[in-house]
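Engineer: Structure for the following, please:
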Amino acid sequence: MTYVAEIGMGLTGFGVFFLFFGMILFFDKALLAIGNVLFVAGLAFVIGLERTFRFFFQKHKMKATGFFLGGVFVVLIGWPLIGMIFEIYGFFLLFRGFFPVVVGFIRRVPVLGSLLNLPGIRSFVDKVGESNNMKFKTYSLQSTNNS
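Structural biologist: The predicted model follows:
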């Protein structure tokens, strides 16, 4: 891994920390703003500026990008709760293709995998871990004789 990617991982990690800490402290707008800036900057450092723009500005992801970046803007102008609602919705729309991979990885981690298999959590995780591309139709092998 290059130094730029390592710096990006650090920025992204600090961004997630500041976002989490800002939400715990009753949506502190300064911490949320710092977290947003660090997260987006870290993402750009990890995957590169061109790939970041291509990821966010794909035609089919414009709604998700609008909600995510709109939420960042709303947080920056001083309405943290509304901005975080927009951001979270945009985040789930943007990254929903990665959720099945993440859930599959976490299920293989020894302690976390057993936590994800608890009765109340399992149904939620199964729903989040489903991918629209990975659903297969099952066809019946019975013949349909109309006689």
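Engineer: Quick check: the gap between the residue nearest in space to the middle of the chain and residue 29.
Structural biologist: The chain has residue 95 as the residue nearest its centroid, 4.2 Å off, counting by CA atoms, centre = their mean. From residue 95 across to residue 29, the span is 24 Å (CB to CB, to the nearest Å). C-beta coordinates here come from the backbone N, C-alpha and C atoms, glycine included.
Engineer: Grab the nearest non-local neighbour of residue 41.
Structural biologist: Nearest residue to residue 41, sequence neighbours excluded (CB to CB, 6 or more residues apart in numbering): residue 11, at 5.3 Å.
Engineer: model confidence over the host helix or strand of that neighbour, on average?
Structural biologist: Using DSSP states H and E, residue 11 falls within helix 3-24. Average pLDDT, helix 3-24: 94.
Engineer: helices or strands next to the helix or strand just after that helix in the packing?
Structural biologist: Going down the chain from helix 3-24, the next helix or strand is helix 29-47, by DSSP H and E. Helices and strands touching helix 29-47, by 3 or more CB pairs under 8 Å, 6 or more residues apart in numbering; DSSP states H and E, are helix 3-24, helix 49-56, helix 62-77, helix 80-95.
Engineer: Flag every buried residue along the first one.
Structural biologist: To tie it back to what came earlier, the one meant is helix 3-24. Across helix 3-24, burial judged by 16 or more other CB atoms under 10 Å covers 8, 11, 12, 14, 15, 18, 19, 22, 23.
Engineer: Compute the number of surrounding residues for the nearest residue to residue 22 once chain neighbours are set aside.
Structural biologist: Leaving aside its chain neighbours, residue 22 sits nearest to residue 31 (3.2 Å; criterion: CB to CB, 6+ apart). Here the number of neighbours of residue 31 (other CB atoms under 10 Å) works out to 20.
Engineer: ditto for the one 10 residues further on
Structural biologist: Here the neighbour count serves as a burial measure; for residue 41 (other CB under 10 Å) it reads 17.
Engineer: same check, this time on residue 49
Structural biologist: By other CB under 10 Å, the residues close to residue 49 number 10.
Engineer: hang on, the earlier thing: now do the same contact list for the residue nearest to residue 41.
Structural biologist: By CB atoms under 8 Å, 6 or more residues apart in numbering, residue 11 lies in contact with 38, 39, 41, 42, 45.
Engineer: Look up the pLDDT of the last one for me, please.
Structural biologist: Right, residue 45. Here, the pLDDT recorded for residue 45 equals 95.
Engineer: Since that was my last question, I'll sign off now.
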